[in-house]
Every structure is written in structure tokens, then in C-alpha cells.
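Undergrad: here are the coordinates; sequence isn't available:
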Ligand SMILES: [Zn+2]
């Protein structure tokens, strides 16, 4: 009934809905979790992170604000990675080490 492309379509639809809603997804904990999984709070560029991309800063701030434990943040990162992989499809070996 379904195929692998269907999940990516659903996730993209959800991601677009979150991004375009105008809602402050950082304000409460469950919203911040949803945004973190569907969109991500951290820089996801394939480069060496620096001060301009503020990698990890925003997620760390949210973790403190909402009292998220380290294992909770780790799970969010894992779930984000799964969603991102589903949206982007398989990564080719040549793309993994792009700096
Ligand atoms: Zn970065």
C-alpha cells in the first residue's frame, strides 16, 4: 500500500507546516521537541562549524530552558538524524567528508 517515498513526503509536509506556521516553536518543551526533530535546531551544513553558524548553541540553550536531560537531547539528535536521512535519501560516500 505504501512505499519508502511516502514517508519522506509526509515528513516534508510536516516540516513545511512547522516552518511556515509562524509559531514560536522554542517556547514550550513539546513544540521545541517537534521542531527539533522535523527541522532541527543545530547547524546541519557539511562544514567546520564556527561562530557564525552557532552550532549546538541553540539546542543547548533550549535544553537548559526546558530542563532536558542529556539523554533526552541525545534522543532528539538521533530522531532528527533519522528524519533528515529519510528526507535527504542515502548519502553518497563522496558527500560525507565535504568540508
Ligand atoms: Zn555550521
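TA: On my side now, so go ahead. This is a predicted model, so every value here is computed, not measured. Numbering: from 1, shown residues only.

Undergrad: could you list the residues in contact with the helix or strand harbouring residue 58?
TA: Element membership of residue 58, judged by DSSP states H and E, is helix 57-66. Taking C-beta atoms under 8 Å, 6 or more residues apart in numbering as the criterion, the residues outside helix 57-66 that touch it are 26, 28, 29, 32, 36, 41, 42, 68, 72, 73, 76. C-betas here are computed from N, CA, C, even on glycine.

Undergrad: and this protein, which residues reach the ion?
TA: 43, 45, 49, 53, 55 (C-beta under 5 Å from the ion).

Undergrad: can you redo the residues you listed as JSON lines with secondary structure?
TA: As requested, those are arranged in JSON lines below (DSSP: H, G, I helix; E, B strand; the rest coil):
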{"residue": "43", "secondary structure": "coil"}
{"residue": "45", "secondary structure": "coil"}
{"residue": "49", "secondary structure": "coil"}
{"residue": "53", "secondary structure": "coil"}
{"residue": "55", "secondary structure": "coil"}
